[in-house]
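# Fold the following and give me the result.
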Amino acid sequence: MKFKFRIIIVFVILVTSSVFVIQHCTASSAPAPDEGCVFKTVFEGEGIEKEFYLPMSADIKNVCNAGLEWLVKAQHESGGFGAGSHSNQQNINPHLVETDPATTSMVAMAILRDGSNLNEGIYATHLSLATNYLLDCVEKSPENDPNITKLQNTQIQGKLGGNIDVILTSQFLTNLLSEVNDEKMNNRVKEAITKCVQKIEKNHEGSGAVAGSGWAGVLQSSFAANSLEAAEAKGIKVNGDVLKKAKDYQKQNYDVESGTIATESAAGVMLYAVSGSSRASAKDARKAEDTINEAVEDGKVESAAPVTIENLMKAGMELNDAEESMTSYQVYNASKVRAQDADVIAGFGNNGGEEFMSFLQTGEGLIVNKDIEWQQWYNGTSQRLMDIQNQDGSWHGHHCITSPVFCTATSLLILSVNNDIDNLVAQGAGE
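As a prediction, the model looks like this:
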């Protein structure tokens with residue numbers, strides 16, 4: 001009898017202990033509430049090593065929060081945001097300019113990357129208003145119209161290109177797609193992305209550039225390649241030939257053998273061209289590296305085999321594919337270094353919106369490639385941005401794109417890129 005009684009006591013103790021452990025683990029793993037610009041990406045991202053992530057410091061979080069607080073106050077009742085006109089750049093009051101889709105998309109992407117979505121987060125209401133503004137622009141635009149707005153001569157169009165609005169809107173909506181749970185809204189967003197993609201494809205010239213180039217048209221074309229690549233990764237139908245030409249156009253700006261950089265469509269600024277080359281070649285360069293790594297595991301090439309045309313062919317690639325992969329690999333590795341050189345980072349001599357966009361291109365390219373050097377880039381770039389933030393929390397450009405709304409949104413996209421590690425790495429995977 002005593003023996004049975006002892007067994008019962010042990011059993012009760014074990015059950016009680018198990019319940020305590022389960023409750024403790026559940027409480028410990030519960031996600032913290034959103035506080036703006038927090039590091040929310042989990043370490044369980046498929047195929048991503050824990051060391052690849054880089055949490056934001058408390059200082060950067062504070063900088064992000066101040067920037068977002070300033071930024072959302074610039075929203076118009078329509079839900080849109082504006083950068084102002086190219087001919088009246090001295091007007092920097094965000095409420096005394098017309099709203100435009102390009103600037104609205106940049107702000108919406110910054111809010112989304114910070115952690116808010118259409119239903120949850122500090123800035124969910126602001127994001128919902130901006131999203132509806134952009135969806136209305138897309139849905140009301142005629143099928144044969146190259147852009148989604150009749151507004152012309154904006155700061156962004158004048159410097160990047162006349163069709164930049166549809167490009168950035170497509171990119172935002174694509175980023176938003178995975179955050180939309182409502183079926184009706186999901187279908188609406190998909191239809192809008194498809195319409196944008198079709199417009200972007202029609203705007204592409206034979207060279208791979210986008211028609212209507214502005215002062216630094218290479219950046220418009222670079223973001224067009226990004227938006228098409230991102231849409232394809234989310235299952236949207238994209239013309240493969242157009243996407244290839246768009247990426248090749250960026251890659252050809254950097255000549256690996258001579259080290260020369262074509263800047264004709266980059267306003268003569270090396271930074272704009274080389275950051276586009278690095279970003280456009282990132283996914284294909286990663287494919288070359290992954291192909292060799294898989295070949296090593298399968299015993300097709302020796303351990304630590306370099307990326308060469310010969311080794312890519314041993315791994316199973318046809319000659320033409322191996323040559324193209326090798327070119328992408330060389331362009332990426334050469335241009336990513338050049339894009340971070342001090343003399344190149346100087347850009348036009350001081351920071352305008354184009355510089356901020358170029359920094360963003362370089363950093364996202366490193367992450368898409370799953371390149372651990374992104375952390376070094378981030379530490380240097382984030383400090384540079386923190387040093388030049390205005391006291392009210394905003395950033396502004398000193399030339400060309402001077403809009404504080406646009407420059408603040410782009411700066412925040414850079415500073416909070418940590419929150420998008422999984423998405424960017426996933427974009428660089430597969431075909």
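# what's in contact with stretch 307-324?
For stretch 307-324, the external contacting residues (CB atoms under 8 Å, 6 or more residues apart in numbering) are 284, 288-289, 291-292, 294-295, 300-301, 305, 325-326, 329. No exception for glycine: its C-beta is placed from N, CA and C like everyone else's.
# Would you check which pair of the residues you listed lies furthest apart?
Using CB to CB, the two most remote members of the contacts of stretch 307-324 are Asp284 and Lys300, lying 20.2 Å apart.
# hang on, the earlier thing: which of the contacts of stretch 307-324 has the most neighbours?
Within those, most neighbours by other CB atoms under 10 Å means Ala288, with 27 neighbours.
# what's the offset of the helix or strand harbouring it from the middle of its chain?
Per DSSP states H and E, Ala288 falls inside helix 270-297. Centroid separation between helix 270-297 and its chain, computed with CA atoms, centre = their mean, to the nearest Å, is 16 Å.
# average model confidence for it?
The average pLDDT within helix 270-297 is 86.
# Work out the gap between the helix or strand just after it and the centre of the chain.
Sequence-wise, the next helix or strand downstream of helix 270-297 (DSSP H and E) is helix 309-314. Relative to its chain's centre, helix 309-314 lies at 31 Å (CA atoms, centre = their mean).
# just checking, next helix/strand downstream of helix 309-314?
Heading C-terminal from helix 309-314 (DSSP H and E), you reach helix 319-338.
# ok, so of the contacts of stretch 307-324, who is nearest Ile421?
Ile421 has its nearest neighbour among the contacts of stretch 307-324 in Glu289, at 18.0 Å by CB to CB.
# Quick one: residues contacting the closest one.
Glu289 sits next to 307, 329 when contact means CB under 8 Å, 6+ apart.
# gap between it and Gly67?
When CB to CB, to the nearest Å is the yardstick, Glu289 and Gly67 sit 35 Å from each other.
# same thing with Gly208?
34 Å.
# Just want to know which of the two has more residues nearby.
Using other CB under 10 Å as the criterion, Gly208 and Gly67 rank with Gly67 on top: 27 against 21.
# buried sites along stretch 54-66?
Buried residues in stretch 54-66, counted by 16 or more other CB atoms under 10 Å: 54, 56, 60-61, 63-66.
# Report the mean per-residue pLDDT for it.
Here stretch 54-66 scores 96 as its mean pLDDT.
# Could you export that stretch as CSV, CA atoms only?
The C-alpha trace of stretch 54-66 is given here as CSV (Å, rounded to 0.1, in the frame of the first residue of the first chain):
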residue,chain,number,x,y,z
LEU,A,54,22.1,41.6,-36.8
PRO,A,55,19.8,43.1,-34.1
MET,A,56,19.5,46.9,-34.1
SER,A,57,21.0,48.8,-31.3
ALA,A,58,18.9,50.9,-28.9
ASP,A,59,20.3,54.1,-30.5
ILE,A,60,19.1,53.0,-33.9
LYS,A,61,15.7,52.0,-32.6
ASN,A,62,15.3,55.5,-31.1
VAL,A,63,16.4,57.1,-34.4
CYS,A,64,13.9,55.0,-36.3
ASN,A,65,11.1,55.9,-33.9
ALA,A,66,11.8,59.6,-34.2
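# How far off centre is it?
Centroid displacement of stretch 54-66 relative to its chain, using CA atoms, centre = their mean, is 18 Å.
# quick one: which helix or strand includes the closest residue to Ala246 other than its chain neighbours?
Closest residue in space to Ala246, ignoring its immediate chain neighbours: Ala225 at 3.9 Å, by CB to CB, 6 or more residues apart in numbering. Ala225 is part of helix 217-233, with elements assigned from DSSP H and E.
# Output the contacting helices and strands for that helix.
With contacts defined as 3 or more CB pairs under 8 Å, 6 or more residues apart in numbering; DSSP states H and E, helix 217-233 has these neighbours: helix 155-160, helix 164-177, helix 183-203, helix 240-251, helix 270-297, helix 353-368, helix 421-427.
# Give me the mean pLDDT for the shortest one.
So the one you mean is helix 155-160. 86.
# try the last one
Rounded to a whole number, the mean pLDDT of helix 421-427 is 93.
# what does stretch 237-250 contact?
Residues outside stretch 237-250 that contact it (CB under 8 Å, 6+ apart) are 194, 197, 201, 204, 206-210, 218, 221-222, 224-225, 228-229, 231-232, 276-277, 279-281, 284.
# for stretch 144-151, that is, sorry about that
By CB under 8 Å, 6+ apart, the residues outside stretch 144-151 that reach it are 98, 100-101, 137-138, 141, 162-163, 165-166, 169, 196, 199, 202-203, 211-212.
# chain center to it: distance?
Distance, centroid of stretch 144-151 to centroid of chain: 24 Å (CA atoms, centre = their mean).
# now do stretch 187-194
For stretch 187-194, the distance to the chain centre is 19 Å (CA atoms, centre = their mean).
# buried residues in that stretch?
Neighbour counts over stretch 187-194 (16+ other CB under 10 Å) mark 188-190, 192-194 as buried.
# Looking at the residues you listed, which is nearest Pro94?
Of all the buried residues of stretch 187-194, the one with the least separation from Pro94 (CB to CB) is Ala192, at 25.1 Å.
# which residue is nearest the centroid of this protein?
Closest residue to the average C-alpha location of the chain: Glu364 at 5.5 Å, with CA atoms, centre = their mean.
# how much space between that residue and Lys73?
In terms of CB to CB, Glu364 sits 27 Å off from Lys73.
# one step back: mind listing what's buried along the helix holding Ala288?
For helix 270-297, by 16+ other CB under 10 Å, it's 270-292, 295-296.
# With stretch 159-170 instead?
Applying 16+ other CB under 10 Å to stretch 159-170 flags 159-170 as buried.
# ditto for stretch 121-141
121-124, 126-131, 133-138, 141.
# And for stretch 303-310?
Buried, per 16+ other CB under 10 Å, within stretch 303-310: 305, 307, 309.
# how close does the residue lying closest to the first one once chain neighbours are set aside sit to Asn293?
In other words, Ala305. Excluding its sequence neighbours, the residue lying closest to Ala305 (CB to CB, 6+ apart) is Asn311, at 5.0 Å. For Asn311, the distance to Asn293 (CB to CB) stands at 11 Å.
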